[in-house]
Each structure stands twice: as structure tokens, then as C-alpha cells.
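Novice: Could you work out the structure for the sequence below:
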Amino acid sequence: MLHRRPFRPIKALALALLLLPALAPTARADKAPPLRVAILPYENSSPEVGATKMMDDIMREQVKKVDKSRAIFMLPSDVERILADHNKADVVYRITERWGRSNTLDSTAIGGLDSLLDVDAVLCVKISEWESHRVPVIGAGQSSSTVALSLAAFDVRTKARIWAKAPREQRFAAEHDASSANVNYDETGFIQRKSDSNPPRIEAVASDLLRDALKSFPKK
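Specialist: Numbers count the residues shown, from 1 in each chain. Below you'll find the predicted structure:
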């Protein structure tokens, strides 16, 4: 006559505890490290000379919002400083000049940046449009601000493009007409108070564009 041994939960628990240390390193090894990205100095092809400084402040704030498990960013000022310390400052300008002119990568200049900067990728940024337009006459249309950017990230080892965005927005202010009770204007329709014809803040437009673009930035 066969006798079944009773199930021993204590033995099962002990076996599970023994297996956990073996499984834990595998789980940790499967988690990829974040992508390390060097943001190259901005290429400004817009007429607004102050766009670069404004973009630098916006970029500094927006990259903080990217999950650090996905990507860690090195700002342009740090990139320039490190390359200058290695007498390689000209390299970054060769890359940005080519990018600004033709939206293509200088594959020769990018060589060696992985070890110099300790990064996986570079991010090229071009400011294509940066303009605020004020309409100071009642009924003549809406004041507006327009921003257009071109963004592309390249793997520094394979030189392949791993991500690209070209966001653009023209944002309009509210239009005033002759029935607007809160707006003062003269007999020619010229709006007397400058704040009444202000275009939207161009920094807000650029910030929103960059924030939305970075939401799709790739993992390693």
C-alpha cells in the first residue's frame, strides 16, 4: 500500500528563499542604464540673436523633467568646457555648422566624442524660427509668436540617427475689435496701451514645444 507524504510548506518556502539570490542579479542585469547625451551648442538660423540664450535657459529646465532612468543630459556649456580642456573645441563647431547648414552629421568630427565626453549620443539643436509679431491696430489681426526647432540625436559610435523631431508652432493672442470695451485706441484704430497688443510669450511657446518633443526621447 502506497502512502503519500504530506506537503511540507516549510520546505517549499526554504527552497524559494534559496533561489531568490540567484534570480536577483539577472533582474538587475536586464535593466539598461540611461542614455548619456551631450547637447551640442545651438545653431541659430533665425534673425533673433537672443534666441540662443533663451533656448539655453529653456533646455536647462526641460531636460530636468526627463526621467533619469531614460536619459541623462550634458548641457552645451559643459560640452564646450570639456572639449576646450582637451584642445578639441573646434570639433563641436564643425558638427553644429554642418548640422545647421544641411541637417546632416559630420561623421568625421564626431569620432572620439564617446570617450572625450563619456556619452552615448549627441543632440543637435537648430533654431529655425524665433519671432514675435505685434499687431497694434484694432481689427487688423492677432499678435503672434512663432517658434520652429529641428532636433536630432546621433549615436556617437555607430553615427546613426536614433531620434529626430521638428516641432513648430505659431501661437496667437486674442484679437481685439472695435467692440472691445477694455481696449483703448485712437481714431486711427491704434491701440494706446502696449500690453493690450502683446503677443504670447515666446519662451512659453518654445518651452511647450521642447517639453512635448522630449517626451518621445529614446531609452538606451
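Novice: Give the residue spans of the protein that score low on pLDDT.
Specialist: Confidence mapping of the chain against pLDDT under 70 gives the ranges 1-30, 176-182, 184-196.
Novice: Tell me where this protein has strands.
Specialist: If DSSP state E is used as the criterion, the strands of the chain fall at 35-39, 43-44, 71-74, 121-133, 144-155, 161-165, 168-172.
Novice: What's the local residue count around Lys68?
Specialist: As a burial measure, Lys68 scores 10 neighbours (other Cβ atoms under 10 Å). Where you see a C-beta, it was placed from the backbone N, CA and C, and this is true even at glycine.
Novice: what's the closest non-adjacent residue to it?
Specialist: Using Cβ to Cβ, 6 or more residues apart in numbering and skipping residues adjacent in sequence, the residue nearest Lys68 is Pro34, 6.0 Å away.
Novice: do His133 as well
Specialist: The shortest distance from His133 to any non-neighbouring residue, by Cβ to Cβ, 6+ apart, is to Ser144 (5.1 Å).
Novice: For the one you found, give its distance to Glu169.
Specialist: 10 Å (Cβ to Cβ, to the nearest Å).
Novice: gap between Pro200 and Pro33?
Specialist: According to Cβ to Cβ, Pro200 stands 39 Å off from Pro33.
Novice: More neighbours: which of the two?
Specialist: Pro200 (19 against 10).
Novice: hang on, Arg94 packs against Leu105?
Specialist: No. With contact defined as Cβ atoms under 8 Å, Arg94 does not reach Leu105; the gap is 10.5 Å.
Novice: Of these two, which one has the most company?
Specialist: Taking other Cβ under 10 Å, Arg94 and Leu105 do not tie; Leu105 has more neighbours (18 against 13).
Novice: doesn't Val156 make contact with the more buried one?
Specialist: No. Between Leu105 and Val156 there is no contact under Cβ under 8 Å: 10.1 Å.
Novice: Might you report the residue contacts of the residue nearest to Ala89 when sequence neighbours are not counted?
Specialist: Nearest residue to Ala89, sequence neighbours excluded (Cβ to Cβ, 6+ apart): Leu83, at 5.0 Å. The neighbours of Leu83, taking Cβ atoms under 8 Å, 6 or more residues apart in numbering as the test, are 89, 91-92, 116-117.
Novice: Helices of this structure, start to end?
Specialist: Taking DSSP state H, the helices of the chain run over residues 9-30, 51-63, 76-85, 89-102, 113-117, 202-214.
Novice: what about stretch 68-87, how long is it end to end?
Specialist: Distance between the two ends of stretch 68-87: 30 Å, counting by Cα to Cα, to the nearest Å.
Novice: List the buried residues of it.
Specialist: By neighbour count, with 16 or more other Cβ atoms under 10 Å as the criterion, the buried positions of stretch 68-87 are 71, 73-74, 76, 79, 82-83.
Novice: residues making contact with stretch 157-172?
Specialist: Stretch 157-172 is contacted from outside by 105, 107, 110, 114, 120-121, 128-129, 142-155, 200, 205, 208-210, 212-213, 216-218, using Cβ under 8 Å, 6+ apart.
Novice: measure the nearest residue to Val122 once chain neighbours are set aside to Met59 for me?
Specialist: Once flanking residues are discounted, Val122 sits nearest to Ala38: 5.0 Å by Cβ to Cβ, 6+ apart. Ala38 is 12 Å from Met59, where distance means Cβ to Cβ.
Novice: No more questions from me, cheers.
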